[in-house]
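In: attaching a predicted model along with its sequence, questions to come.
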Amino acid sequence: MMDTTPEEATAFVQQAIPILGAMGIRVVEAGVGHATVELPAGPNGNHFGVLYAGSLFTAAEVLGGIVPQATFDLQGELAGFVPLVKSAEIKFHRPGIGDVRATATMAPDDIERVPREALANGKSEFVIEAEIVDGNGTVVATTRAVNQLRKLG
């Protein structure tokens, strides 16, 4: 996903994980060490008019795959490695109303360490923290996930 447009990145993630297309998740930005997705309210509302908690979680969790795809050369030097989530925690701060954006970052130290460690050991762990905000900039939820870049096969 390195050097792709947001539209190409959206098509990639929706093809790889079809439920993301049904949810309407769209990649807004993806670059080295960061990414942002948008989650529309329409298909993600619940029975009392706010965003479904599982949809909020999914918007943040998928960033654990998008950030490494945009950060590491998974088609070249790290071919065969995939990002996997090991654990994740979400804290809900306010009800999500309307469209929201989830933005995640990876620590600069992890950007340097993970490829080196993965090549040496076949895997490497890293943390992705995300913040989900509504259209008014209000923080709806925050997440912290432990992920792993791992060689498959």
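Out: Thanks, I have it.
In: what's around the residue nearest to residue 49 when sequence neighbours are not counted, how many residues?
Out: Leaving aside its chain neighbours, residue 49 sits nearest to residue 97 (7.5 Å; criterion: C-beta to C-beta, 6 or more residues apart in numbering). Using the backbone N, CA and C atoms, a C-beta is placed for each residue, glycine as well. Residue 97 has 16 neighbours, counted by other C-beta atoms under 10 Å.
In: now do the one 4 residues further on
Out: In terms of burial, residue 101 registers 19 neighbours under the definition other C-beta under 10 Å.
In: if I look at it, how far off is residue 117?
Out: 31 Å (C-beta to C-beta, to the nearest Å).
In: can you name the residues that contact the residue nearest to the spatial centre of the chain?
Out: The residue lying closest to the centre of the chain (C-alpha atoms, centre = their mean) is residue 63, at 0.5 Å. With C-beta atoms under 8 Å, 6 or more residues apart in numbering as the criterion, the residues that contact residue 63 are 35, 37, 102-104, 128, 130.
In: mind running it again at 7 Å?
Out: 35, 37, 102, 104, 128, 130 (C-beta atoms under 7 Å, 6 or more residues apart in numbering).
In: out of those residues, the closest to residue 9 would be?
Out: Comparing those against residue 9 with C-beta to C-beta picks out residue 35 as the nearest, at 8.2 Å.
In: can I assume that closest one is in contact with residue 104?
Out: Yes. Using C-beta atoms under 7 Å as the test, residue 35 is close enough to residue 104 to be in contact (5.7 Å).
In: who has more neighbours, these two?
Out: Per other C-beta under 10 Å, whichever of residue 35 and residue 104 has more neighbours is residue 35, with 30 against 26.
In: quick one: which helix or strand includes the closest residue to the more buried one other than its chain neighbours?
Out: Distances taken as C-beta to C-beta, 6+ apart place residue 66 nearest to residue 35, at 4.3 Å, with adjacent residues excluded. Remark: residue 66 resides in helix 63-71, with elements defined by DSSP states H and E.
In: so residue 124 sits in a strand?
Out: Yes. Counting by DSSP: H, G, I helix; E, B strand; the rest coil, residue 124 falls inside a strand.
In: how about the contacts made by it?
Out: 114, 117-118, 148-149.
In: which neighbours do residue 35 and residue 104 share?
Out: The overlap between the contact sets of residue 35 and residue 104 (C-beta under 7 Å, 6+ apart) consists of 63, 67.
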